[in-house]
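Undergrad: would you be able to build a 3D model of this:
(2 chains)
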Amino acid sequence: MNNILEVENLKAYYLLKTVSGVIAAKVHAVDGVSLTIKSGEIVGIAGESGCGKSTLAKAMYGWIAPPLQIFEGSVFYDVGDKKINILKADEEGLRRIWWNIVSYIPQGSMDVLNPTMRIKDHFFNVIKFHSENFDKEEAEKTVLKHLDELGLPREVLTSFPHQLSGGMKQRVVIALATILGCNVIIADEPTTALDVMVQRGILQLLTDIQKKLNCSIILITHDMGVHAQITDRIAIMYAGKIVEMGPTDRIFEDPQQPYTKFLISSLPRIGDKSKKTSIGGRPPSLIKPPKGCRFHPRCPLATEICREVEPPLVKVNHEHYASCHLLR
Amino acid sequence: MALPKILQVKDATKVFKIGGLLFGTKLTAVDHANLEVEKEKVLSLVGESGSGKTTLSRMVLGLLKPTSGQILYKGMNIAEIKGRELMRFRKEVQPIFQNPFEAFNPYKKVDRYLLGTALNYEMAKSNKDARKIVEDSLETVGLSLNKVEGRYPHEFSGGELQRVSIARALITNPSMLVADEPVSMVDASTRMSILNILMDLKKSHEMSILYVTHDLDTAYYVSDEIAVMCRGCIIEYGNAEDVLTDPLHPYTKMLLESLPHPDPKLRWKNKIKLAGLEVKEYETAGCKFSKRCPFADEKCLEERPPDVVLKDKSGSQRMVKCWRYGA
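TA: Numbers count the residues shown, from 1 in each chain, chains lettered A, B, ... in the order given. Predicted structure coming up:
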């Protein structure tokens, strides 16, 4: 399998400026992340809120707007004959890459639909803007075919967003994101505000699309249950860095990093009455991240070296990487 | 010996009118619900979104009046409490809301809420007394007054602020908490600490808790009893351990099956049918779940199923609202 997406040593920071334009603080939201996505795989990115997973998604999509700035690194997309760095693309370049090669389903995307437009016009807008020639009849046929394939009722086309339930809106947004048949879908918390049944339906839809288009999905969520259900590989983020990465079954069976161990062992399960504990403390400030291992202030196993030296990401097993001093 | 009943919901029904001055339709958000909460017990109310669980919890708090039926708190009808009694009721039944950032005014420092609660509910006569009470209740949730004092809501993390709102609820020394999705806004890594606080309160403060959630995993973790709601009806009700390990109603089974198990070996094999338009399901004459139920027949669509009461292995009673189990 070839790599469809290569992220190399990406550093994306938010610059907080004072009124006069002096840089007051730098938020190290994504701090040296490397990640490769193979074609046709579902990769999950997990971590608690504020660990930089949404910023990573934005950077991978090439959607860089102040105060976010890229300091280092590259995001290469494989577009058949060549590789394009999305961070260097101009407006015209982005227009061609977005929705045709990579689609982004942002967090709270049920609210991205324009309340004054019918769903049909949302679809037409996308097709008009991102493809070379637009023919309304042709477009309508494509949209209807797409909806049928995804199992969405045709009536949604003439509805306004407020007439649909949350789960239906989310499914419409996913249908919109995939109408042009992209290679990579970046989905940021697609099921977070939804209940378990609707969540299952959405995940069902995402895997169906993945099979149909044979595309890759980058699924960002803090819910480890969702990761266990549909991902092939998981990357665990903590304070702007990937601390563990590996095949889903390995991560759940044999987590290496103490943070990952906590994430997995603290999940409540039906049939298990044992007392579960949370990790003490709170995630570190990304303006001035702690020296050494970023998890050391909360880690029960931290030693002298953890406070001083940053642990590198080392290979534990085939495709399984983790960064912890205890592993060496 | 049976424990005293703190809360009794008897045939409570709430009908909302939606749309139109003349031609509006009616929606029965809670349909003849019967529940009981005993002292020092946690009852979970679970169901998907739009199943009426929040409406029921708001009626328990006295924020909505039932259209018919009664809700009794220690034998008093909540809808008819007035004057001093109302004050006492508000003291004894305290809410915890889903999103602490919406529950607190962003322009007001949180300690003002805490001290204000102590003074307004006449728990303390002076500021000094109030500070002591606030300090005690913050300690119960693992915080302290000097950590909280002078800070605005946005300066807290979600988990911390939710703990502050639990502390606020504890100031009046309540005997019952109504917690509506208290952990769904909180990060997974701190979620368990909030639930552990609730479970400790049950013992240390002799508290009864009505825990409203759509998350069956956490419901299993905290509750003694569980009631499953579907489109306004309570369709299964019984001991939490029994209901969740051996569900009887097809709806409960489907809810349990749809949980994303944090284990890659237990992935979903089959596909589910998603709910259609919510309002249509509410209007179903028979069982509200019949349109999605794999076992549904003519009778389920037409006739309302009876409340079948069975005996569980553990000896507790279990109510199931389904034609498959009787009559």
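
Undergrad: so where do the helices sit in the stretch 51-200 of chain B?
TA: Using DSSP state H, counting those that start in this stretch, the helices of the stretch 51-200 of chain B run over residues B:53-60, B:83-92, B:100-103, B:110-120, B:127-140, B:145-148, B:158-170, B:188-204.

Undergrad: one more: the stretch 101-250 of chain A?
TA: Under DSSP H, counting those that start in this stretch, the stretch 101-250 of chain A gives helices at A:119-130, A:136-150, A:166-177, A:196-213, A:224-230, A:248-253.

Undergrad: before we move on, back to that, wait, which of the helices of the stretch 51-200 of chain B is closest to chain A?
TA: When the helices of the stretch 51-200 of chain B are compared by C-beta to the nearest C-beta, helix B:188-204 sits nearest chain A, at 3.9 Å. The way it works is simple: take the backbone N, C-alpha and C, and place the C-beta from them, glycine included.

Undergrad: quickly list what B:M76 is bridged to.
TA: B:Y73 (DSSP bridges).

Undergrad: is it true that it touches B:E92?
TA: No: contact criterion C-beta atoms under 8 Å: B:M76 and B:E92 do not qualify, at 10.5 Å.

Undergrad: if we can go back for a sec, JSON lines for the helices of the stretch 51-200 of chain B, including distance to B:G286 and mean neighbour count?
TA: Formatted as JSON lines, the helices of the stretch 51-200 of chain B follow (distance: least, C-beta to C-beta, whole Å; neighbours: other C-beta atoms under 10 Å in any protein chain shown):
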{"stretch": "helix B:53-60", "distance to B:G286": "21", "mean neighbour count": "23"}
{"stretch": "helix B:83-92", "distance to B:G286": "37", "mean neighbour count": "14"}
{"stretch": "helix B:100-103", "distance to B:G286": "38", "mean neighbour count": "16"}
{"stretch": "helix B:110-120", "distance to B:G286": "46", "mean neighbour count": "19"}
{"stretch": "helix B:127-140", "distance to B:G286": "47", "mean neighbour count": "17"}
{"stretch": "helix B:145-148", "distance to B:G286": "52", "mean neighbour count": "16"}
{"stretch": "helix B:158-170", "distance to B:G286": "40", "mean neighbour count": "24"}
{"stretch": "helix B:188-204", "distance to B:G286": "37", "mean neighbour count": "19"}
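
Undergrad: could you dump the ones you listed to a markdown table with mean pLDDT and distance to chain A?
TA: Converted to a markdown table, the helices of the stretch 51-200 of chain B look like this (pLDDT from 0 to 100; distance: least, C-beta to the nearest C-beta, whole Å):
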| stretch | mean pLDDT | distance to chain A |
| --- | --- | --- |
| helix B:53-60 | 92 | 11 |
| helix B:83-92 | 91 | 29 |
| helix B:100-103 | 88 | 12 |
| helix B:110-120 | 91 | 17 |
| helix B:127-140 | 92 | 17 |
| helix B:145-148 | 88 | 12 |
| helix B:158-170 | 90 | 7 |
| helix B:188-204 | 87 | 4 |
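
Undergrad: so which of those helices is nearest A:G167?
TA: Of all the helices of the stretch 51-200 of chain B, helix B:53-60 sits nearest to A:G167, with 17.0 Å by C-beta to C-beta.

Undergrad: now for the closest one, which elements pack on it?
TA: Helix B:53-60 makes packing contacts with strand B:5-18, strand B:25-38, strand B:42-46, strand B:68-73, strand B:176-180, strand B:208-213 when contacts are defined by 3 or more C-beta pairs under 8 Å, 6 or more residues apart in numbering or on different chains; DSSP states H and E.

Undergrad: let me have the ones you listed in JSON lines, extended by mean pLDDT.
TA: Formatted as JSON lines, those follow (pLDDT from 0 to 100):
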{"stretch": "strand B:5-18", "mean pLDDT": "90"}
{"stretch": "strand B:25-38", "mean pLDDT": "88"}
{"stretch": "strand B:42-46", "mean pLDDT": "94"}
{"stretch": "strand B:68-73", "mean pLDDT": "93"}
{"stretch": "strand B:176-180", "mean pLDDT": "93"}
{"stretch": "strand B:208-213", "mean pLDDT": "94"}
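
Undergrad: Serialize those strands to JSON lines and add fields for mean neighbour count and distance to A:D90.
TA: Converted to JSON lines, the helices and strands packed on helix B:53-60 look like this (neighbours: other C-beta atoms under 10 Å in any protein chain shown; distance: least, C-beta to C-beta, whole Å):
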{"stretch": "strand B:5-18", "mean neighbour count": "17", "distance to A:D90": "50"}
{"stretch": "strand B:25-38", "mean neighbour count": "19", "distance to A:D90": "52"}
{"stretch": "strand B:42-46", "mean neighbour count": "26", "distance to A:D90": "51"}
{"stretch": "strand B:68-73", "mean neighbour count": "17", "distance to A:D90": "64"}
{"stretch": "strand B:176-180", "mean neighbour count": "23", "distance to A:D90": "49"}
{"stretch": "strand B:208-213", "mean neighbour count": "25", "distance to A:D90": "48"}
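
Undergrad: can you lay out the helices of the stretch 51-200 of chain B as CSV showing distance to A:T207?
TA: Shown next, in CSV, are those (distance: least, C-beta to C-beta, whole Å):
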stretch, distance to A:T207
helix B:53-60, 29
helix B:83-92, 49
helix B:100-103, 33
helix B:110-120, 43
helix B:127-140, 45
helix B:145-148, 45
helix B:158-170, 30
helix B:188-204, 22
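
Undergrad: which stretch among the ones you listed comes nearest A:Y77?
TA: When the helices of the stretch 51-200 of chain B are compared by C-beta to C-beta, helix B:188-204 sits nearest A:Y77, at 31.3 Å.

Undergrad: contacts for that closest one next, please.
TA: Contact partners of helix B:188-204, identified using C-beta atoms under 8 Å, 6 or more residues apart in numbering or on different chains, comprise A:48, A:222-224, A:262-263, A:266-268, A:275-279, A:282, B:40-42, B:140-142, B:157-159, B:162-163, B:166, B:170, B:177, B:179, B:182-183, B:186, B:207-209, B:211, B:218, B:221-222.

Undergrad: got the angle between that helix and strand B:176-180?
TA: 160 degrees (axes from the mean of the first three to the mean of the last three C-alpha atoms, to 10 degrees).

Undergrad: between helix B:188-204 and helix B:127-140, how many degrees?
TA: 110 degrees.

Undergrad: give me the below-cutoff pLDDT ranges for the stretch 101-250 of chain A.
TA: By pLDDT under 70, the weakly predicted segments of the stretch 101-250 of chain A are A:109-110.

Undergrad: redo the helices and strands packed on helix B:53-60 as CSV? Include distance to B:T284.
TA: Converted to CSV, the helices and strands packed on helix B:53-60 look like this (distance: least, C-beta to C-beta, whole Å):
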stretch, distance to B:T284
strand B:5-18, 16
strand B:25-38, 11
strand B:42-46, 20
strand B:68-73, 20
strand B:176-180, 26
strand B:208-213, 24
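
Undergrad: any idea which of those strands gets closest to A:A59?
TA: strand B:208-213 (34.7 Å).
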